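**Student:** task: produce atomic coordinates for the following.
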Amino acid sequence: MVQVQLGIDNLLADKPAWLRSARIGLLANQASVDGRLRHTRDLLVEAGANLAAIFAPQHGYFGEQQANMIESDNFTDEQLGIPVFSLYGETRRPTPDMLAHIDILIIDLQEVGTRVYTFGTTLALCLEAAVDHDVKVVVLDRPNPIGGVRVEGNLLEMERRSFVGYFPLPMRHGLTMAEMALLFNQAFDISAPLEVRAMAGWTRAMLYRQTGLYWVPPSPNLPTPESTLVYPGQVVLEGTNLSEGRGTTTPFELWGSPYLKQELVLKHLDLAKLTGLVLRPAFFQPTFDKWNGEVCVGFHIHVSDPATYRPYATSLSLIEAVLAAHPEDFDWYPPPYEYEFHHLPVEIILGSATLHKQLEVGVSVSELERSWEPKLTEFRRACGPYLLYS
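**Tutor:** Alright, predicted model coming up:
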């Protein structure tokens, strides 16, 4: 298997003059490694970069923190003696004091192809801050682990804009980090000084297991590439009283609750419409998060054919089945969620004020998908100028 060459490989092969002359900031975490698992921070130092500050996204620089307002602190890199600024703590946008340390901000983060994954919002906030403080942004690209061919879902309604949805993207957006940067910067009129460093050897149909790269979890609950396949749908369960499998070894693949009855849920599912997966009955006991210490009854999603599996449509169908099977037990999770204290978490996850109500009254997912298609077509067209790979 040929190994994909990453954006960091592109940068180091070129070694632009600014790498040594400018004051460099690096936004990265534990997954910011090359194909030999060498961290971007160390590679930049070895290349003679004038590294002046490090920035960390949600979950912390070391990826040690859990989700939903579990913040990380600023600290000092003991080896380099430079500050490490948290962009998921007192602030989620780089401040003038932080940016005063640098001339160029290099961003090297592993995104997972899903609108609500907060690294995309952090990218947008960094681009906006760069405009205000005359800082250039350089984005080092990485694969979209679920491929770049398919897009899926409704576009974010801006009245439900939040830290888990900043621009009107569909839930499964089909873009890489660099492509998102180009789209945000130009189509959404940020106009920051921006440079992207593309990959070599990655194609849009490629899943992560085909890249020849090691998988390093970009956050604690995406332990394998397989977990990213289900994440664009199963993340919706964070807005419900169903467990999305946090506190187990297969988060997002496992789901359920103590009140769930498998046979009732299956009665309300049209399994013929759930393509590309096997839904295996399962029991599990979360060690933290929802239903901590209680035995949950549910299912394990095994993706049998990623090409036909539709994660968002599948998970919405599962929620509709639980709504029908357990109307007295199912509930939407209350705020707060990711710094939103007024709207239901499911509204900001879905990016819609009304979609969860449509699920409640049994509007079919097929009908919902048909209603989303015109805007999805517009989105695909808008992305065209910013796509870097065949």
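**Student:** need the contact list for the residue positioned nearest the centre of the chain.
**Tutor:** Against the mean C-alpha coordinate of the chain, by Cα atoms, centre = their mean, the closest residue is residue 117 at 2.6 Å. The neighbours of residue 117, taking Cβ atoms under 8 Å, 6 or more residues apart in numbering as the test, are 111, 164, 219, 231. Quick note: C-beta positions are derived from backbone N, CA and C, even for glycine.
**Student:** rerun that using 6 Å as the cut-off
**Tutor:** Not one residue lies near residue 117 by Cβ atoms under 6 Å, 6 or more residues apart in numbering.
**Student:** run a quick neighbour tally on residue 262.
**Tutor:** 16 (other Cβ atoms under 10 Å).
**Student:** residues in contact with it?
**Tutor:** residue 281.
**Student:** quick one, phi psi at it?
**Tutor:** Phi and psi for residue 262, reported as degrees, to the nearest 10, are phi -60, psi -40.
**Student:** need the pLDDT of it.
**Tutor:** What the model reports as pLDDT for residue 262 is 98.
**Student:** residue 315 versus that one, what's the distance?
**Tutor:** Separation of residue 262 from residue 315 (Cβ to Cβ, to the nearest Å) stands at 17 Å.
**Student:** ok, now residue 242?
**Tutor:** For residue 242 relative to residue 315 (Cβ to Cβ), the value is 10 Å.
**Student:** the more surrounded of those two?
**Tutor:** More neighbours surround residue 242 than the other of residue 242 and residue 315, with 27 against 24 (other Cβ under 10 Å).
**Student:** nearest spatial neighbour of the more buried one, chain-adjacent residues omitted?
**Tutor:** Distances taken as Cβ to Cβ, 6 or more residues apart in numbering place residue 257 nearest to residue 242, at 5.1 Å, with adjacent residues excluded.
**Student:** okay, now the domains of the chain?
**Tutor:** Here the domain parsing of the chain from automatic domain parsing is 7-219+382-386, 225-371.
**Student:** quick check: mean pLDDT of the longest one?
**Tutor:** Put plainly, it is domain 7-219+382-386. Regarding domain 7-219+382-386, the rounded mean pLDDT is 97.
**Student:** now do it: distance from first to last residue.
**Tutor:** Terminal residues of domain 7-219+382-386 lie 16 Å apart, using Cα to Cα, to the nearest Å.
**Student:** cool, stretch 54-64 as well?
**Tutor:** 16 Å.
**Student:** how about residues contacting it?
**Tutor:** 26-27, 29-30, 65, 72, 84-88, 118-119, 122, 219.
**Student:** please compute how far that stretch lies from its chain's middle.
**Tutor:** Offset of stretch 54-64 from its chain centre (Cα atoms, centre = their mean, to the nearest Å): 14 Å.
**Student:** same question, stretch 340-350
**Tutor:** Stretch 340-350 has its C-alpha centroid displaced from the chain centroid by 17 Å (Cα atoms, centre = their mean).
**Student:** quick one: contacts of that stretch?
**Tutor:** 116, 160, 162, 164, 236, 239, 332, 333, 335, 337, 353, 356.
**Student:** what residues of that stretch count as buried?
**Tutor:** Neighbour-count burial for stretch 340-350 flags 340, 344, 345, 346, 347, 348, 349, 350 (criterion: 16 or more other Cβ atoms under 10 Å).
**Student:** dump stretch 71-89 to PDB, restricted to CA.
**Tutor:** Taking Å, rounded to 0.1, in the frame of the first residue of the first chain, the C-alpha atoms of stretch 71-89 are listed here in PDB:
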ATOM      1  CA  GLU A  71     -11.800  22.600  29.200                       C
ATOM      2  CA  SER A  72      -8.000  22.600  29.100                       C
ATOM      3  CA  ASP A  73      -5.700  25.200  30.500                       C
ATOM      4  CA  ASN A  74      -2.800  27.100  29.100                       C
ATOM      5  CA  PHE A  75       0.700  25.900  30.100                       C
ATOM      6  CA  THR A  76       4.300  26.100  29.000                       C
ATOM      7  CA  ASP A  77       6.100  23.700  26.800                       C
ATOM      8  CA  GLU A  78       8.900  22.600  29.100                       C
ATOM      9  CA  GLN A  79      11.300  21.600  26.400                       C
ATOM     10  CA  LEU A  80      10.900  24.700  24.200                       C
ATOM     11  CA  GLY A  81      10.000  27.200  26.900                       C
ATOM     12  CA  ILE A  82       7.100  28.600  24.800                       C
ATOM     13  CA  PRO A  83       3.400  29.000  25.700                       C
ATOM     14  CA  VAL A  84       0.800  26.500  24.900                       C
ATOM     15  CA  PHE A  85      -2.500  28.300  24.500                       C
ATOM     16  CA  SER A  86      -5.800  26.500  24.900                       C
ATOM     17  CA  LEU A  87      -8.500  27.300  22.400                       C
ATOM     18  CA  TYR A  88     -11.000  25.400  24.400                       C
ATOM     19  CA  GLY A  89     -10.800  27.100  27.800                       C
END
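**Student:** show me the contact partners of that stretch.
**Tutor:** With Cβ under 6 Å, 6+ apart, stretch 71-89 has contacts from 52, 53, 54, 55, 56, 57, 58, 60, 61, 65, 98, 122.
**Student:** in those, find the pair that's most separated.
**Tutor:** 52 and 65 (24.4 Å; Cβ to Cβ).
**Student:** one step back: export the contacts of stretch 340-350 to a markdown table and tack on neighbour count, secondary structure and distance to residue 377?
**Tutor:** Output for those, formatted as a markdown table (neighbours: other Cβ atoms under 10 Å; DSSP: H, G, I helix; E, B strand; the rest coil; distance: Cβ to Cβ, whole Å):
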| residue | neighbour count | secondary structure | distance to residue 377 |
| --- | --- | --- | --- |
| 116 | 25 | coil | 22 |
| 160 | 20 | helix | 22 |
| 162 | 20 | strand | 25 |
| 164 | 27 | coil | 24 |
| 236 | 27 | helix | 23 |
| 239 | 22 | helix | 27 |
| 332 | 15 | strand | 30 |
| 333 | 16 | coil | 32 |
| 335 | 14 | coil | 33 |
| 337 | 23 | strand | 30 |
| 353 | 14 | coil | 23 |
| 356 | 21 | helix | 24 |
